[in-house]
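>>> only geometry, no sequence info:
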């Protein structure tokens, strides 16, 4: 694990440990919210890729009526488009790619009741991974890099402790610290992805 990855992981752990104490002093009832979501992911300006899927989860702690902080992770498939897939299959090659995200986030709701518009920013580690098999050979490569995400979402009216939401996010993973960037599963300028998802939030206290 790189020092940068360790530092970001430490930030997320500190948020998990300290936020409940601060939140419980300010709010009655639920002080934490569990989030699960899933949807589609589309690499931006990446030749040979196409739409895939994303799934994720996180825990958020109340700091003010409008602000939440917490930790989250997400798994993103990176699919090969049909033309590239056909070429690889003609050569007897199978290739899979993925990106795992984990780190800390802050989410700001414009309405104290959580309904309506919110903005979210995240920072953390991104594990880029690619595996290739064929012609009697198997190879894989992975690299932990830094990344961030910027999202806008819309929360629907909730019922009891459950609410649903829609979210659009732009994510960026910085290029790996390799002398030969071509040896990594992402290019020299990093990896960009657009994600559109829906999810559910538990523990909202509506």
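Ah, there it is. Note that the structure is a prediction, hence the values are computed from the model and not measured.

>>> for this structure, what helix or strand is lowest in average pLDDT?
helix 3-24 (a mean of 47; mean pLDDT, DSSP states H and E).

>>> secondary structure element for residue 64?
Secondary structure assignment for residue 64, by DSSP states H and E: no helix or strand.

>>> Any idea how many residues pack against the closest residue to residue 154 other than its chain neighbours?
Closest residue in space to residue 154, ignoring its immediate chain neighbours: residue 166 at 5.2 Å, by Cβ to Cβ, 6 or more residues apart in numbering. (C-beta placed from N, C-alpha, C; glycine too.) Neighbour count for residue 166, taken as other Cβ atoms under 10 Å: 15.

>>> One more: residue 162?
Residue 162 has 12 neighbouring residues, counting by other Cβ under 10 Å.

>>> With residue 107 instead?
Number of residues near residue 107 (other Cβ under 10 Å) recorded here: 24.

>>> For residue 51, grab phi and psi.
Here is the backbone geometry of residue 51 (degrees, to the nearest 10): phi -60, psi 140.

>>> Verify the stated contact: it with residue 41.
Yes. Look at residue 51 against residue 41 with Cβ atoms under 8 Å: they come within range, at 7.1 Å.

>>> can you give me the strands for the chain?
Taking DSSP state E as the criterion, the chain contains strands spanning 32-43, 49-50, 52-62, 67-80, 93-109, 116-134, 137-155, 162-173, 191-202.

>>> shouldn't residue 169 be in contact with residue 149?
Yes. Counting by Cβ under 8 Å, residue 149 is a contact partner of residue 169 at 5.3 Å.

>>> Need the overlap of contacts for these two.
residue 120 (Cβ atoms under 8 Å, 6 or more residues apart in numbering).

>>> out of residue 51 and residue 41, which sits in the more crowded spot?
Counted by other Cβ under 10 Å, residue 51 and residue 41 do not tie: residue 41 has more neighbours, with 24 against 13.

>>> List the beta-bridge partners for the spatially closest residue to that one that is not a sequence neighbour.
With sequence-adjacent residues excluded and distances taken as Cβ to Cβ, 6+ apart, residue 41 is closest to residue 54, at 4.2 Å. Beta bridges link residue 54 to residue 39, residue 76, judged by DSSP bridges.

>>> Identify the residues contacting residue 54.
Neighbouring residues of residue 54 by Cβ under 8 Å, 6+ apart: 38-41, 74-77, 195, 197.

>>> and if we set it to 10 Å?
37-42, 74-77, 99, 101, 169, 171, 193, 195-197 (Cβ atoms under 10 Å, 6 or more residues apart in numbering).

>>> Which pLDDT value belongs to it?
For residue 54, the pLDDT comes out at 95.

>>> Ok, the one 3 residues further on next?
The confidence metric pLDDT takes the value 96 at residue 57.
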